[in-house]
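**Student:** Next one to model:
(one chain, ligands or ions: 1)
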Amino acid sequence: MLKGEGDIPSGLVDPAFRADVLAGLARRPRAIPARWFYDRRGSELFEAITELPEYYPTRTEIGILERIGAEVRDLVGEGRAVVEFGSGSSTKTPILLRAVAPSAYVPIDISGDFLRESSRVLAAQFPDLPVLPFEADFMRPLALPGAIGGSAKLGFFPGSTIGNMTPLAAIDLLRAMRASLAEGAMLLIGMDRIKDAAVLEPAYDDAAGVTAAFNLNLLARINRELDGTVPLDAFAHVARWNDDRARIEMHLAATRDVDFTVDGRPFAMATGETIHTENSHKYGPRDARILLRGGGWTPVAEWTDPAGLFAVILAEA
Ligand code: AVJ
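**Tutor:** I've put the predicted structure just below:
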C-alpha cells in the first residue's frame, strides 16, 4: 500500500503521535506515552475496562463521590466555577455538579472532539448551567475564559489520571493547575492507593483479556495510522507492580525476535524485549498529601471507601 492510502489519510495523523512513536521505539528502554491509547477503539476498550470485576478504581471512586456530596458542598461553598482537567466523565461529573451547584462548568481538554461531544451531553443535563468548554493543554498554566473570571474555582481531576505521570511530572501539573485556577482555588482529586500486588496486577491484567486488548490496540493504531507492519501476534500484554517506584507498569513484550517498519523506518526487537506503554502510580495516604504539598496545595479533607482502595482528596491553594 502506498503511504497515505490507509483508512486514515496520513495528512490527518497527529504529527505528535508519529514523533512520539518513532522516538519511543528508537530509545532504550523503548517507551510510548500512555496518552496514545485513546483512539476511538482504545476509548471503547477503556470504557469496558471500567466495568471489569477486577478493575476497582472507577466504581470505587464513583461510590465515594456519591457519598461525600454534602460534605464537599459545605467545605467549598456553592457558586464556584468547576474546572475539570479532562473532558469529563458522564458519570462522575454530574455527581459533583449536583453537589456543589456551581456558577459555571469549564472542562479543559486537548482533544476538541471529545470536549465538544461531552460538553453537549452535559449542557443538556444541566440546562441552567453555563458550560464553557476550553480546548487547551492543561499541563501548562493557562488563562481561563474571561466569562468565569470573577468566581472562585474548584478544580476537579478524578480517575487517578495523575497516576499516569511520574512524581516529577505530577508535581509540575499540580503547580500548573494552581497557577491556572489562581488565588482561593480548591482542588478535588482522585488518587488510587497502594495495595497488595495480588489485587493490583489483576486490575491491569484481567481474566477476560480486555486490558490486553487495550494495550495491543496501540500497535494496531501504529499500523493503521503510521503505515506500520508490527505483527500483533509477536507481542504479549504484561502488567507488573514495580514496588520500588510504587506503580503498575504496562508493557508490550516481544514473544519472538521480530522485525517491522513504522513510517518506513526499520526496527528489530529480541524475544523478551518490551515497549513500556503505561505507568499507573499509586499513593499511600501520606504519599498523596506530600505530592499535593509539593505541587503547592494544602490538603483539607480526604475520603476513602471502607476497604481503603481509593482516595478522593480536597485541597486548597
Ligand atoms: C485512566 C490512567 C486512570 O491507570 O488505571 C486502566 C488507565 N490502564 N487499565 C489507570 C488504565 C489500564 C487508568 N487511568
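
**Student:** CA atoms for contacts and neighbours, from now on please.
**Tutor:** OK.

**Student:** who's in contact with the closest residue to Ala170 other than its chain neighbours?
**Tutor:** Excluding the flanking residues, the one nearest Ala170 by Cα to Cα, 6 or more residues apart in numbering is Ile162, at 6.1 Å. Shown in contact with Ile162 (Cα atoms under 8 Å, 6 or more residues apart in numbering): Ala170, Met191, His281.

**Student:** hang on, Ile162 in a helix?
**Tutor:** Yes. Membership of Ile162 in a helix is supported by DSSP: H, G, I helix; E, B strand; the rest coil.

**Student:** Quick check: pLDDT value at it.
**Tutor:** Each residue has a pLDDT score; the one for Ile162 is 97.

**Student:** returning to that earlier point: dump the contacts of Ile162 to a markdown table, plus neighbour count, pLDDT and distance to the ligand.
**Tutor:** Listed next are those as a markdown table, based on neighbours: other Cα atoms under 10 Å; pLDDT from 0 to 100; distance: Cα to the nearest ligand atom, whole Å:
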| residue | neighbour count | pLDDT | distance to the ligand |
| --- | --- | --- | --- |
| Ala170 | 20 | 98 | 13 |
| Met191 | 26 | 98 | 9 |
| His281 | 24 | 98 | 8 |
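
**Student:** Any figure for the gap between the residue nearest to Ala170 and Met191?
**Tutor:** According to Cα to Cα, to the nearest Å, Ile162 and Met191 sit 7 Å apart.

**Student:** Which parts of the protein are helices?
**Tutor:** Using DSSP state H, the helices of the chain run over 15-26, 40-49, 57-76, 92-100, 112-125, 167-181, 197-203, 210-225, 285-294.

**Student:** burial count for the nearest residue to Asn279 once chain neighbours are set aside?
**Tutor:** Nearest residue to Asn279, sequence neighbours excluded (Cα to Cα, 6+ apart): Glu249, at 4.7 Å. If you count neighbours by other Cα atoms under 10 Å, Glu249 ends up with 20.

**Student:** Surely Glu249 and His276 touch.
**Tutor:** Yes. Using Cα atoms under 8 Å, Glu249 makes contact with His276 at a distance of 7.3 Å.

**Student:** Mutual contacts of those two, please.
**Tutor:** By Cα under 8 Å, 6+ apart, Glu249 and His276 have no common neighbours.

**Student:** need the residues of the stretch 51-200 of the chain near the ligand, please.
**Tutor:** Contacts of the stretch 51-200 of the chain with the ligand, taken as Cα under 6 Å from any ligand atom, map to Gly159, Ser160, Thr161, Asn164.

**Student:** Scan the residues you listed and report the most crowded one.
**Tutor:** Ser160 (23 neighbours).

**Student:** Next, that one: phi, psi?
**Tutor:** When quoted as degrees, to the nearest 10, the phi and psi of Ser160 stand at phi 60, psi 30.

**Student:** Next up, the contacts around it.
**Tutor:** When contacts are counted by Cα under 8 Å, 6+ apart, Ser160 touches Ile189, Gly190, Met191, Asp192.

**Student:** Now render those residues as JSON lines, adding distance to Ala70.
**Tutor:** Listed next are the contacts of Ser160 as JSON lines, based on distance: Cα to Cα, whole Å:
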{"residue": "Ile189", "distance to Ala70": "17"}
{"residue": "Gly190", "distance to Ala70": "17"}
{"residue": "Met191", "distance to Ala70": "20"}
{"residue": "Asp192", "distance to Ala70": "22"}
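
**Student:** so where's the stretch 201-317 of the chain shaky on pLDDT?
**Tutor:** Across the stretch 201-317 of the chain, nothing is flagged by pLDDT under 70.

**Student:** Point out the residues in it that sit beside the ligand.
**Tutor:** Tyr204, Thr211, Ser280.

**Student:** Farthest pair within the residues of the stretch 51-200 of the chain next to the ligand?
**Tutor:** Spatially, the most separated pair among these is Gly159 and Asn164, at 10.3 Å (Cα to Cα).

**Student:** residues near Glu278, how many?
**Tutor:** Other residues near Glu278 come to 23 when the count uses other Cα under 10 Å.
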